[in-house]
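Enquirer: Could you work out the structure for the sequence below:
(one chain, ligands or ions: 1)
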Amino acid sequence: MKNIFILFISTTTISLILLTYIIYKQNSFNNHPLSSKVLVKIKQKEFRIKKLIMQKYNQNISIPIIISSKMQNSLFGMAIYDKDNIRIVLNKDRFQESEQYMIDYVLPHEYAHVLMFIFNDFTKKNSGHSKRWQNICLQLEGKKCDRFVKDNDILMGKIGTIY
Ligand SMILES: [Zn+2]
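Expert: Numbers count the residues shown, from 1 in each chain. All right, here's what the predicted structure looks like:
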């Protein structure tokens with residue numbers, strides 16, 4: 001009887017510690033910027049893509065990449081064109097479960113939208129995922145340059161600072 005009681009107490013204590021740890025981890029993810037390890041990976045990919053853009057399109061561009069936790073949950077990233085101000089926004093929450101996907105799939109995808117803006121191609125066909133966009137995405141080593149995505153991930157016009 002005593003043994004069962006000890007077992008019960010131990011299990012409960014371990015569960016509580018585990019639960020506290022999970023909640024703590026979730027909170028620290030929500031309240032802190034991405035780890036420097038992830039930020040370095042983003043920087044490296046950015047560097048690689050900028051090099052490709054220079055080689056293939058002879059454009060020397062520098063676009064701010066904003067990590068936001070205010071994005072609609074279904075979106076991984078976004079390309080924003082606000083007059084002459086172009087930026088990429090990445091959904092911070094998505095890094096938690098799909099870090100590599102964000103870097104290998106989402107970044108080239110959004111940079112391809114950025115180049116379309118730079119070429120003054122504001123097509124709304126397939127929400128901006130035209131054949132030309134697809135070609136650019138592939139040139140930027142995008143892993144999946146799908147033209148038939150259901151999410152509308154480009155914003156054009158006067159946006160202000162929502163992210
Ligand atoms: Zn897109």
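
Enquirer: Work out which residue lies at the spatial centre of the protein.
Expert: Nearest to the centroid of the C-alpha atoms of the chain, with distances taken as CA atoms, centre = their mean, sits residue 90, at 3.4 Å.

Enquirer: Return the list of helices and strands in contact with the helix or strand that one falls within.
Expert: Using DSSP states H and E, the element containing residue 90 is strand 85-91. Using 3 or more CB pairs under 8 Å, 6 or more residues apart in numbering; DSSP states H and E, the elements in contact with strand 85-91 are strand 65-68, strand 77-82, helix 107-118. For the C-beta atoms, the positions are set from N, CA and C on the backbone; glycine is no exception.

Enquirer: can you give me the helices for this structure?
Expert: Using DSSP state H, the helices assigned to the chain run over residues 2-31, 36-57, 92-101, 107-118, 131-139.

Enquirer: residue ranges with poor pLDDT in the chain?
Expert: Applying pLDDT under 70 to the chain flags residues 1, 28-29, 31, 157-163.

Enquirer: Please put the alpha-carbon coordinates of the strand holding residue 90 into CSV.
Expert: C-alpha atoms of strand 85-91 as CSV (Å, rounded to 0.1, in the frame of the first residue of the first chain):
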residue,chain,number,x,y,z
ASN,A,85,8.9,49.9,-49.8
ILE,A,86,9.3,46.1,-50.2
ARG,A,87,9.6,43.7,-47.4
ILE,A,88,9.2,40.1,-46.5
VAL,A,89,7.4,39.0,-43.4
LEU,A,90,7.9,35.5,-42.0
ASN,A,91,5.4,33.9,-39.5
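
Enquirer: I figured residue 153 hits residue 75, correct?
Expert: Yes - the criterion here is CB atoms under 8 Å, and residue 153 meets it with residue 75 at 5.8 Å.

Enquirer: Let me see the contact set for the residue nearest to the residue nearest to the centre of the chain when sequence neighbours are not counted.
Expert: Nearest residue to residue 90, sequence neighbours excluded (CB to CB, 6 or more residues apart in numbering): residue 77, at 4.8 Å. Contacts here follow CB atoms under 8 Å, 6 or more residues apart in numbering; on that basis residue 77 touches 88, 89, 90, 91, 102, 106, 107, 109, 110, 153.

Enquirer: Give me the distance from stretch 70-82 to the chain's centre.
Expert: The gap between the average C-alpha position of stretch 70-82 and the chain average comes to 8 Å, counting by CA atoms, centre = their mean, to the nearest Å.
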